[in-house]
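**Student:** Structure for this input, please:
(one chain, ligands or ions: 1)
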Amino acid sequence: MNAIEKYVNLRLRAQAAFPNKSPMSANANRLPVGPRRPFDLPAYLATRTAAVNAALRRFLPPVTTKPATIHRAMHYSLFAGGKRMRPALCLAAAAACGGDERDALPLACAVECIHTYSLIHDDLPAMDNDDYRRGKLTSHKVFGEGMAILAGDALLTQAFEIAAQCRGWPRYSHQTIIRELARAAGSRQLIAGQVADLEGEGRRLSAAQLRYIHERKTSALLCGSVRLGGMSANCTPAQLWALTIFGHHVGLAFQIIDDILDVTQTSEQLGKTAGKDTQAQKATYPAIVGLDKSRQIAGELTKKAFAALKTFRGKALALEALATYLLQRTR
Ligand code: GRG
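**Tutor:** Numbers count the residues shown, from 1 in each chain. Model (predicted):
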(Lines give C-alpha, C1' and ligand atoms only; values in the text may rest on other atoms or scores of the structure.)
Protein backbone atom coordinates (compact mmCIF):
# COMPACT_ATOMS: atom_id res chain seq x y z
CA MET A 1 0.00 0.00 0.00
CA ASN A 2 1.50 3.37 -0.98
CA ALA A 3 1.24 6.58 1.04
CA ILE A 4 -1.78 7.88 -0.84
CA GLU A 5 -3.71 4.64 -0.43
CA LYS A 6 -2.86 4.60 3.26
CA TYR A 7 -4.09 8.16 3.69
CA VAL A 8 -7.30 7.57 1.77
CA ASN A 9 -7.96 4.34 3.66
CA LEU A 10 -7.39 6.04 6.99
CA ARG A 11 -9.73 8.89 6.12
CA LEU A 12 -12.39 6.54 4.85
CA ARG A 13 -12.12 4.30 7.86
CA ALA A 14 -12.53 7.33 10.07
CA GLN A 15 -15.70 8.26 8.24
CA ALA A 16 -16.92 4.69 8.73
CA ALA A 17 -18.68 2.82 5.99
CA PHE A 18 -21.81 4.95 5.97
CA PRO A 19 -20.93 8.62 5.93
CA ASN A 20 -24.38 9.72 7.23
CA LYS A 21 -22.82 10.90 10.47
CA SER A 22 -20.55 13.32 8.68
CA PRO A 23 -21.04 17.05 9.20
CA MET A 24 -22.36 17.20 5.64
CA SER A 25 -25.34 15.01 6.32
CA ALA A 26 -27.69 17.90 7.10
CA ASN A 27 -27.95 18.62 3.38
CA ALA A 28 -27.52 15.06 2.37
CA ASN A 29 -30.82 14.64 0.54
CA ARG A 30 -30.00 17.45 -1.84
CA LEU A 31 -27.81 16.67 -4.80
CA PRO A 32 -24.43 18.32 -4.69
CA VAL A 33 -23.88 21.63 -6.34
CA GLY A 34 -23.43 21.64 -10.08
CA PRO A 35 -20.54 23.33 -11.84
CA ARG A 36 -20.11 26.91 -10.71
CA ARG A 37 -20.11 28.29 -14.24
CA PRO A 38 -22.08 27.01 -17.22
CA PHE A 39 -20.20 24.23 -18.91
CA ASP A 40 -21.34 22.61 -22.14
CA LEU A 41 -20.81 18.99 -21.15
CA PRO A 42 -22.57 17.40 -24.16
CA ALA A 43 -20.27 19.35 -26.50
CA TYR A 44 -17.26 18.49 -24.33
CA LEU A 45 -18.09 14.79 -24.34
CA ALA A 46 -18.80 14.76 -28.07
CA THR A 47 -15.46 16.35 -28.98
CA ARG A 48 -13.41 14.29 -26.52
CA THR A 49 -15.12 11.04 -27.48
CA ALA A 50 -14.39 11.78 -31.15
CA ALA A 51 -10.73 12.53 -30.35
CA VAL A 52 -10.37 9.38 -28.25
CA ASN A 53 -12.07 7.20 -30.88
CA ALA A 54 -9.85 8.58 -33.63
CA ALA A 55 -6.75 7.98 -31.49
CA LEU A 56 -7.86 4.46 -30.61
CA ARG A 57 -8.27 3.69 -34.32
CA ARG A 58 -4.72 4.94 -34.91
CA PHE A 59 -3.27 2.95 -32.02
CA LEU A 60 -5.05 -0.35 -32.66
CA PRO A 61 -4.14 -2.71 -35.49
CA PRO A 62 -6.83 -2.40 -38.22
CA VAL A 63 -9.54 -5.08 -38.30
CA THR A 64 -7.98 -6.60 -41.42
CA THR A 65 -4.66 -7.29 -39.65
CA LYS A 66 -4.01 -11.02 -39.40
CA PRO A 67 -5.38 -12.83 -37.50
CA ALA A 68 -8.42 -10.76 -38.41
CA THR A 69 -10.80 -12.45 -35.91
CA ILE A 70 -9.00 -11.14 -32.85
CA HIS A 71 -8.75 -7.62 -34.27
CA ARG A 72 -12.43 -7.64 -35.20
CA ALA A 73 -13.28 -8.76 -31.67
CA MET A 74 -11.12 -6.01 -30.13
CA HIS A 75 -12.72 -3.33 -32.32
CA TYR A 76 -16.21 -4.75 -31.76
CA SER A 77 -16.15 -4.17 -27.99
CA LEU A 78 -14.04 -1.04 -28.03
CA PHE A 79 -16.35 0.76 -30.45
CA ALA A 80 -19.63 -0.64 -29.13
CA GLY A 81 -20.72 2.72 -27.71
CA GLY A 82 -19.20 3.04 -24.23
CA LYS A 83 -19.61 6.38 -22.49
CA ARG A 84 -15.83 7.04 -22.54
CA MET A 85 -15.94 8.38 -18.99
CA ARG A 86 -12.44 7.30 -18.02
CA PRO A 87 -10.79 8.94 -21.04
CA ALA A 88 -12.87 12.09 -20.47
CA LEU A 89 -11.75 12.22 -16.84
CA CYS A 90 -8.14 11.70 -17.90
CA LEU A 91 -8.26 14.56 -20.42
CA ALA A 92 -10.15 16.83 -18.02
CA ALA A 93 -7.55 16.23 -15.30
CA ALA A 94 -4.78 17.16 -17.73
CA ALA A 95 -6.57 20.42 -18.55
CA ALA A 96 -7.16 21.20 -14.85
CA CYS A 97 -3.40 20.98 -14.32
CA GLY A 98 -2.69 23.30 -17.23
CA GLY A 99 -1.55 20.52 -19.57
CA ASP A 100 -2.12 19.90 -23.26
CA GLU A 101 -4.87 17.29 -23.66
CA ARG A 102 -3.06 15.85 -26.68
CA ASP A 103 -0.28 14.68 -24.37
CA ALA A 104 -2.85 12.83 -22.28
CA LEU A 105 -4.47 11.10 -25.25
CA PRO A 106 -2.37 7.89 -25.23
CA LEU A 107 -3.12 7.46 -21.52
CA ALA A 108 -6.83 8.16 -22.05
CA CYS A 109 -6.84 5.44 -24.73
CA ALA A 110 -4.91 3.04 -22.52
CA VAL A 111 -7.41 3.27 -19.64
CA GLU A 112 -10.32 2.73 -22.06
CA CYS A 113 -8.63 -0.43 -23.40
CA ILE A 114 -8.21 -1.75 -19.85
CA HIS A 115 -11.80 -0.86 -18.98
CA THR A 116 -13.14 -2.60 -22.09
CA TYR A 117 -11.06 -5.70 -21.40
CA SER A 118 -12.51 -5.85 -17.88
CA LEU A 119 -16.05 -5.64 -19.23
CA ILE A 120 -15.45 -8.42 -21.81
CA HIS A 121 -14.07 -10.73 -19.13
CA ASP A 122 -16.71 -9.72 -16.58
CA ASP A 123 -19.46 -10.71 -19.05
CA LEU A 124 -18.05 -14.22 -19.60
CA PRO A 125 -20.11 -17.22 -18.47
CA ALA A 126 -17.52 -17.95 -15.77
CA MET A 127 -18.04 -14.48 -14.32
CA ASP A 128 -21.27 -12.44 -14.63
CA ASN A 129 -22.53 -14.39 -17.66
CA ASP A 130 -24.17 -11.54 -19.52
CA ASP A 131 -25.57 -11.50 -23.04
CA TYR A 132 -25.64 -7.76 -23.59
CA ARG A 133 -23.17 -4.94 -23.04
CA ARG A 134 -23.22 -1.41 -24.42
CA GLY A 135 -26.52 -2.27 -26.14
CA LYS A 136 -24.97 -5.05 -28.20
CA LEU A 137 -24.41 -8.78 -27.80
CA THR A 138 -21.42 -9.46 -25.58
CA SER A 139 -18.10 -10.50 -27.10
CA HIS A 140 -18.42 -14.20 -26.26
CA LYS A 141 -21.92 -14.30 -27.76
CA VAL A 142 -20.56 -13.03 -31.07
CA PHE A 143 -17.06 -14.49 -31.22
CA GLY A 144 -17.25 -17.43 -28.81
CA GLU A 145 -15.76 -17.75 -25.35
CA GLY A 146 -12.18 -18.48 -26.37
CA MET A 147 -11.98 -15.48 -28.69
CA ALA A 148 -13.61 -13.20 -26.08
CA ILE A 149 -10.99 -14.20 -23.52
CA LEU A 150 -8.28 -13.47 -26.07
CA ALA A 151 -9.86 -10.14 -27.07
CA GLY A 152 -9.77 -9.10 -23.41
CA ASP A 153 -6.16 -10.25 -23.07
CA ALA A 154 -5.21 -8.41 -26.25
CA LEU A 155 -6.85 -5.14 -25.13
CA LEU A 156 -5.09 -5.33 -21.78
CA THR A 157 -1.75 -5.82 -23.51
CA GLN A 158 -2.56 -3.15 -26.08
CA ALA A 159 -3.10 -0.67 -23.26
CA PHE A 160 0.53 -0.93 -22.21
CA GLU A 161 1.78 -0.69 -25.78
CA ILE A 162 -0.21 2.54 -26.16
CA ALA A 163 0.82 3.97 -22.79
CA ALA A 164 4.47 3.31 -23.61
CA GLN A 165 4.07 5.74 -26.51
CA CYS A 166 3.34 8.69 -24.23
CA ARG A 167 5.75 11.58 -24.07
CA GLY A 168 7.18 11.10 -20.58
CA TRP A 169 7.50 14.09 -18.26
CA PRO A 170 10.14 15.47 -15.87
CA ARG A 171 8.17 14.40 -12.76
CA TYR A 172 6.64 11.28 -14.31
CA SER A 173 8.83 8.95 -16.33
CA HIS A 174 7.54 6.17 -18.56
CA GLN A 175 8.34 3.81 -15.70
CA THR A 176 6.08 5.75 -13.33
CA ILE A 177 3.26 5.90 -15.89
CA ILE A 178 3.40 2.18 -16.69
CA ARG A 179 3.54 1.30 -13.02
CA GLU A 180 0.51 3.49 -12.28
CA LEU A 181 -1.49 1.73 -14.98
CA ALA A 182 -0.35 -1.73 -13.89
CA ARG A 183 -1.20 -1.09 -10.26
CA ALA A 184 -4.71 0.15 -11.05
CA ALA A 185 -5.40 -2.92 -13.22
CA GLY A 186 -3.57 -5.45 -11.09
CA SER A 187 -4.27 -8.04 -8.43
CA ARG A 188 -4.40 -5.51 -5.59
CA GLN A 189 -6.90 -3.18 -7.28
CA LEU A 190 -9.17 -3.95 -10.26
CA ILE A 191 -8.69 -7.72 -10.11
CA ALA A 192 -8.84 -7.72 -6.30
CA GLY A 193 -12.25 -6.06 -6.61
CA GLN A 194 -13.44 -8.70 -9.02
CA VAL A 195 -12.14 -11.49 -6.76
CA ALA A 196 -13.97 -10.06 -3.75
CA ASP A 197 -17.08 -9.52 -5.89
CA LEU A 198 -17.07 -13.16 -7.04
CA GLU A 199 -16.37 -14.49 -3.57
CA GLY A 200 -19.08 -12.25 -2.09
CA GLU A 201 -21.91 -13.57 -4.26
CA GLY A 202 -24.75 -15.00 -2.18
CA ARG A 203 -23.09 -13.85 1.06
CA ARG A 204 -24.14 -11.07 3.41
CA LEU A 205 -21.43 -8.46 3.21
CA SER A 206 -20.85 -5.61 5.62
CA ALA A 207 -20.78 -2.06 4.33
CA ALA A 208 -17.01 -2.03 4.85
CA GLN A 209 -16.61 -5.17 2.73
CA LEU A 210 -18.77 -3.64 0.04
CA ARG A 211 -16.68 -0.51 0.10
CA TYR A 212 -13.53 -2.62 -0.29
CA ILE A 213 -15.02 -4.06 -3.49
CA HIS A 214 -16.10 -0.67 -4.86
CA GLU A 215 -12.72 0.91 -4.12
CA ARG A 216 -11.03 -1.72 -6.20
CA LYS A 217 -13.35 -2.86 -8.95
CA THR A 218 -14.50 0.65 -9.88
CA SER A 219 -12.69 3.46 -8.11
CA ALA A 220 -9.13 2.27 -8.78
CA LEU A 221 -9.31 2.67 -12.56
CA LEU A 222 -11.34 5.89 -12.41
CA CYS A 223 -8.87 7.33 -9.93
CA GLY A 224 -5.96 6.07 -12.04
CA SER A 225 -7.49 7.80 -15.08
CA VAL A 226 -7.50 11.24 -13.44
CA ARG A 227 -4.06 10.70 -11.89
CA LEU A 228 -2.61 9.75 -15.28
CA GLY A 229 -4.22 12.86 -16.81
CA GLY A 230 -2.53 14.96 -14.14
CA MET A 231 0.80 13.22 -14.73
CA SER A 232 0.54 14.00 -18.45
CA ALA A 233 0.51 17.67 -17.44
CA ASN A 234 3.60 17.16 -15.26
CA CYS A 235 1.37 18.11 -12.30
CA THR A 236 2.73 19.09 -8.91
CA PRO A 237 2.51 16.61 -6.01
CA ALA A 238 -0.25 18.78 -4.49
CA GLN A 239 -2.27 18.62 -7.72
CA LEU A 240 -1.76 14.86 -7.93
CA TRP A 241 -2.99 14.54 -4.39
CA ALA A 242 -6.13 16.61 -5.13
CA LEU A 243 -6.83 14.48 -8.21
CA THR A 244 -6.42 11.32 -6.14
CA ILE A 245 -8.99 12.45 -3.59
CA PHE A 246 -11.30 13.58 -6.39
CA GLY A 247 -10.96 10.34 -8.38
CA HIS A 248 -11.36 8.14 -5.35
CA HIS A 249 -14.65 9.72 -4.29
CA VAL A 250 -16.05 10.01 -7.81
CA GLY A 251 -15.21 6.34 -8.32
CA LEU A 252 -17.10 5.29 -5.20
CA ALA A 253 -20.11 7.43 -6.15
CA PHE A 254 -19.98 5.98 -9.67
CA GLN A 255 -20.42 2.41 -8.44
CA ILE A 256 -23.26 3.31 -6.06
CA ILE A 257 -25.08 5.01 -8.94
CA ASP A 258 -24.37 1.94 -11.08
CA ASP A 259 -26.00 -0.25 -8.42
CA ILE A 260 -28.98 2.11 -8.21
CA LEU A 261 -29.42 2.06 -12.00
CA ASP A 262 -29.29 -1.73 -11.97
CA VAL A 263 -32.55 -1.79 -9.99
CA THR A 264 -34.26 1.33 -11.34
CA GLN A 265 -33.60 1.21 -15.10
CA THR A 266 -34.62 -1.21 -17.82
CA SER A 267 -32.19 -3.35 -19.81
CA GLU A 268 -32.96 -1.19 -22.87
CA GLN A 269 -32.03 1.98 -21.01
CA LEU A 270 -28.82 0.45 -19.66
CA GLY A 271 -27.72 -1.43 -22.78
CA LYS A 272 -27.03 -4.42 -20.51
CA THR A 273 -29.18 -6.79 -18.49
CA ALA A 274 -30.86 -4.90 -15.65
CA GLY A 275 -31.46 -6.54 -12.27
CA LYS A 276 -28.35 -8.71 -12.50
CA ASP A 277 -27.14 -7.79 -9.02
CA THR A 278 -30.34 -9.00 -7.38
CA GLN A 279 -30.35 -12.12 -9.54
CA ALA A 280 -26.76 -12.96 -8.57
CA GLN A 281 -27.49 -12.11 -4.92
CA LYS A 282 -24.79 -9.46 -4.96
CA ALA A 283 -24.29 -7.09 -2.08
CA THR A 284 -25.05 -3.54 -3.22
CA TYR A 285 -25.73 -0.26 -1.46
CA PRO A 286 -29.43 -0.29 -2.47
CA ALA A 287 -29.73 -3.82 -1.05
CA ILE A 288 -28.06 -2.88 2.23
CA VAL A 289 -29.28 0.66 2.92
CA GLY A 290 -32.08 1.23 0.39
CA LEU A 291 -32.33 3.51 -2.62
CA ASP A 292 -32.77 6.86 -0.86
CA LYS A 293 -29.85 6.35 1.45
CA SER A 294 -27.71 5.12 -1.44
CA ARG A 295 -28.49 8.31 -3.40
CA GLN A 296 -27.63 10.32 -0.32
CA ILE A 297 -24.27 8.59 0.09
CA ALA A 298 -23.45 9.04 -3.61
CA GLY A 299 -24.28 12.74 -3.24
CA GLU A 300 -22.03 13.11 -0.22
CA LEU A 301 -19.16 11.37 -1.97
CA THR A 302 -19.55 13.71 -4.94
CA LYS A 303 -19.43 16.73 -2.63
CA LYS A 304 -16.14 15.45 -1.26
CA ALA A 305 -14.87 15.06 -4.82
CA PHE A 306 -15.89 18.67 -5.55
CA ALA A 307 -14.11 19.90 -2.44
CA ALA A 308 -10.84 18.38 -3.64
CA LEU A 309 -10.98 20.52 -6.78
CA LYS A 310 -10.73 23.83 -4.90
CA THR A 311 -7.00 23.88 -5.40
CA PHE A 312 -7.47 24.20 -9.18
CA ARG A 313 -9.09 27.62 -8.73
CA GLY A 314 -11.73 27.40 -11.45
CA LYS A 315 -9.58 25.45 -13.93
CA ALA A 316 -11.33 22.16 -13.23
CA LEU A 317 -14.70 22.98 -14.80
CA ALA A 318 -14.70 19.85 -16.94
CA LEU A 319 -13.95 17.65 -13.92
CA GLU A 320 -16.77 19.31 -11.97
CA ALA A 321 -19.20 18.85 -14.84
CA LEU A 322 -18.19 15.19 -15.23
CA ALA A 323 -18.63 14.49 -11.52
CA THR A 324 -22.10 16.04 -11.60
CA TYR A 325 -23.02 14.07 -14.73
CA LEU A 326 -21.79 10.81 -13.22
CA LEU A 327 -24.02 11.39 -10.20
CA GLN A 328 -27.08 12.24 -12.27
CA ARG A 329 -26.60 9.81 -15.15
CA THR A 330 -29.37 7.43 -16.21
CA ARG A 331 -27.28 4.84 -18.07
C1 GRG B 1 -10.38 -8.27 -14.39
C2 GRG B 1 -12.04 -9.94 -15.26
C3 GRG B 1 -11.75 -8.68 -14.64
C4 GRG B 1 -12.74 -7.93 -14.31
C5 GRG B 1 -12.54 -6.65 -13.75
C6 GRG B 1 -14.94 -4.92 -12.06
C7 GRG B 1 -14.72 -5.62 -13.21
C8 GRG B 1 -13.55 -6.25 -12.88
C9 GRG B 1 -15.45 -5.72 -14.36
C10 GRG B 1 -16.51 -4.99 -14.83
C11 GRG B 1 -17.86 -4.98 -14.27
C12 GRG B 1 -18.14 -3.89 -13.37
C13 GRG B 1 -19.42 -3.91 -12.66
C14 GRG B 1 -17.28 -2.93 -13.20
C15 GRG B 1 -17.43 -1.83 -12.30
C16 GRG B 1 -17.26 -0.61 -13.03
C17 GRG B 1 -18.43 -0.30 -13.88
C18 GRG B 1 -19.66 0.16 -13.25
C19 GRG B 1 -18.32 -0.43 -15.18
C20 GRG B 1 -19.24 0.10 -16.18
O21 GRG B 1 -18.64 1.29 -16.61
P22 GRG B 1 -19.34 2.32 -17.57
O23 GRG B 1 -20.72 2.62 -17.09
O24 GRG B 1 -19.43 1.48 -18.90
O25 GRG B 1 -18.44 3.48 -17.74
P26 GRG B 1 -19.33 1.96 -20.42
O27 GRG B 1 -19.89 0.80 -21.20
O28 GRG B 1 -20.15 3.21 -20.61
O29 GRG B 1 -17.89 2.19 -20.71
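**Student:** what does the stretch 1-150 of the chain put close to the ligand?
**Tutor:** Contact residues, the stretch 1-150 of the chain versus the ligand (CB under 6 Å from any ligand atom): Gly82, Lys83, Met85, His115, Ser118, Leu119, His121, Asp122, Arg134. Using the backbone N, CA and C atoms, a C-beta is placed for each residue, glycine as well.
**Student:** swap that for the stretch 151-300 of the chain, please
**Tutor:** The interface of the stretch 151-300 of the chain toward the ligand, taken as CB under 6 Å from any ligand atom, is made up of Leu190, Ile191, Gly193, Gln194, Lys217, Thr218, Gln255, Asp258.
**Student:** Just the buried residues of these.
**Tutor:** Neighbour-count burial (16 or more other CB atoms under 10 Å) applied to these gives Leu190, Ile191, Gly193, Gln194, Lys217, Thr218, Gln255, Asp258.
**Student:** Contacts only, for the third one.
**Tutor:** Residues counted as contacts of Gly193 (CB atoms under 8 Å, 6 or more residues apart in numbering) are Tyr212, Ile213, His214, Glu215, Arg216, Lys217, Thr218, Ala220.
**Student:** so Ala283 touches Arg204, yeah?
**Tutor:** Yes: using CB atoms under 8 Å, Ala283 is in contact with Arg204, at 7.1 Å.
**Student:** so Ala154 makes contact with Met74?
**Tutor:** Yes: in this structure Ala154 lies within contact range of Met74 using CB under 8 Å: 5.5 Å.
**Student:** higher neighbour count, those two?
**Tutor:** Ranked by neighbour count (other CB atoms under 10 Å), Ala154 and Met74 place Met74 first, with 27 against 20.
**Student:** Where does the more buried one sit, in terms of helix or strand?
**Tutor:** Using DSSP states H and E, Met74 falls within helix 68-78.
**Student:** Please enumerate residues in contact with whatever helix or strand comes next after that helix?
**Tutor:** Sequence-wise, the next helix or strand downstream of helix 68-78 (DSSP H and E) is helix 85-96. With contacts defined as CB under 8 Å, 6+ apart, helix 85-96 is touched by 44-45, 48-49, 51-52, 100-101, 103-105, 107-109, 111-112, 115, 221-222, 225-230, 232-233, 239, 243, 247, 250, 254, 309, 312, 315-316, 318-319, 322, 326.
**Student:** give me that answer again for 7 Å
**Tutor:** Outside helix 85-96, the residues that touch it by CB atoms under 7 Å, 6 or more residues apart in numbering are 45, 48, 52, 101, 103-104, 107-109, 111-112, 115, 221-222, 225-226, 228-230, 232-233, 243, 312, 315-316, 318-319, 322, 326.
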